[in-house]
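Student: can you look at this prediction? I've put the sequence above it.
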Amino acid sequence: MQTFTQRHAASVTRGAFPLFDRLFPERKEARHGDWIANKTGRVSYRAEVFPLEAGTWGMAILCRTGWHAGEYTYEWCRVGLNAGPRRHRVFREACLLAEQLATLRYRYH
C-alpha cells in the first residue's frame, strides 16, 4: 500500500523529467575538443563528435602532424566505436581516446 507522499512524489518525478528535457534540450550540433599533443609535440590529436541520421552520435579523431602551422598535415584516424545515444558520453569517450593516442600509443612518434 502506498502512502500519500509516495503516490504524489511519483507523479511529480514523472512530470519533472519531460519538463527538464524540454527546458534543457541536448544540442544537435557537432563538437570538437582541444588538441592533445604527444611528448615530442610533433603529433596532436583532437576528438570530433557529430550527429548521425538515426539520432545517435558518431565520433572521429583528427590527427595533426607538424611542428608549426605552415607545415601541418591533417588526417582522420579510423575509430571502431562509432555511435552512442548521448552526445556528452560519446564526446567523453572520444576525448579519452584522443588522449590515449597522444600519451600512450604514439607518445614518441
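Tutor: Perfect, thanks for sending it.
Student: just give the nearest non-adjacent residue to residue 75, would you?
Tutor: Among residues not flanking residue 75 along the chain, residue 63 sits closest, at 5.2 Å (C-beta to C-beta, 6 or more residues apart in numbering). Yep, even glycine has a C-beta here, placed from its N, CA and C like the rest.
Student: residue closest to the middle of this protein?
Tutor: In the chain, the residue lying closest to the centroid (C-alpha atoms, centre = their mean) is residue 91, at 0.5 Å.
Student: show me where this protein has its helices.
Tutor: 4-23, 87-100 (DSSP state H).
Student: ranking these by mean pLDDT, which is last?
Tutor: For the helices of the chain, mean pLDDT drops lowest on helix 4-23, to a mean of 56.
Student: quick one on the thing from earlier: give the bridge partners for the residue nearest to residue 75, please.
Tutor: Residues in a beta bridge with residue 63, per DSSP bridges, are residue 45, residue 75.
Student: what about it, distance to residue 99?
Tutor: Note on residue 63: its distance to residue 99, by C-beta to C-beta, to the nearest Å, is 13 Å.
Student: quick one: which of those two has more around it?
Tutor: Neighbour count, other C-beta atoms under 10 Å: between residue 63 and residue 99, residue 63 has more, with 18 against 14.
Student: ok, that one touching residue 38?
Tutor: No: assessed by C-beta atoms under 8 Å, residue 63 is found out of contact with residue 38, at 10.2 Å.
Student: what touches both of those two?
Tutor: Applying C-beta atoms under 8 Å, 6 or more residues apart in numbering, one finds that residue 63 and residue 38 are jointly contacted by 44, 45.
Student: burial count for residue 64?
Tutor: Residues contacting residue 64 under the criterion other C-beta under 10 Å number 16.
Student: if we ignore the residues flanking it in sequence, what's nearest it?
Tutor: Nearest residue to residue 64, sequence neighbours excluded (C-beta to C-beta, 6+ apart): residue 44, at 4.5 Å.
Student: residues in contact with that neighbour?
Tutor: 35, 36, 37, 38, 63, 64, 102.
Student: pLDDT wise, what is the fifth one at?
Tutor: pLDDT, the model's per-residue confidence, is 95 for residue 63.
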